[in-house]
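1. pasting a predicted model and its sequence here:
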Amino acid sequence: MTITIASGKGGTGKTTLSSNLASYLASQDKKIVLADLDVEEPNSSLFLKLEKKETKIANKMVPHWDKTDCTLCGKCVDVCAFNAIAKIFDEILVYPQLCHSCYACSELCPDRFTPDET
């Protein structure tokens, strides 16, 4: 049996629920594999004494602002739900640590706002 606990919203208790469920099932002599696939903060190991079997580096795409292609319309700033893009005078600033790689900025940019891998 496979049980998946997923949501796009942070802070809903996915890690708490999955950690507790895994702990309970393990106490019932069930073989358990808990895979914490959270790209930003895989921290189920904080709740359980776990042995990590595998760790992979995951890259994410973040916007790259190119001054030569931009008309400074500000559309990228308007559509960014995570406030990862700001327009300051004649520049667009990108905050990669706030970016969730939703691609709204690049998809809705009338110029050519392109994502880069970091």
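-> Received the coordinates, thanks.

2. run a quick neighbour tally on Lys60.
-> 14 (other Cβ atoms under 10 Å). (C-beta placed from N, C-alpha, C; glycine too.)

3. before we move on, what about Ser23?
-> Considering only other Cβ under 10 Å, Ser23 is surrounded by 14 other residues.

4. touching the host helix or strand of it from outside, list them.
-> Secondary structure from DSSP states H and E places Ser23 in helix 14-27. Residues outside helix 14-27 that contact it (Cβ atoms under 8 Å, 6 or more residues apart in numbering) are Ile3, Ile5, Ala6, Ser7, Ile32, Leu34, Asp36, Asp38, Asn43, Ser44, Phe47, Leu48.

5. and if you look at stretch 87-95?
-> 62-65, 67, 70, 72, 74, 76-77, 83-86.

6. wait, which of those is closest to Ser106?
-> For the contacts of stretch 87-95, the residue nearest Ser106 by Cβ to Cβ is Pro63; the value is 6.2 Å.

7. done for today, thanks.
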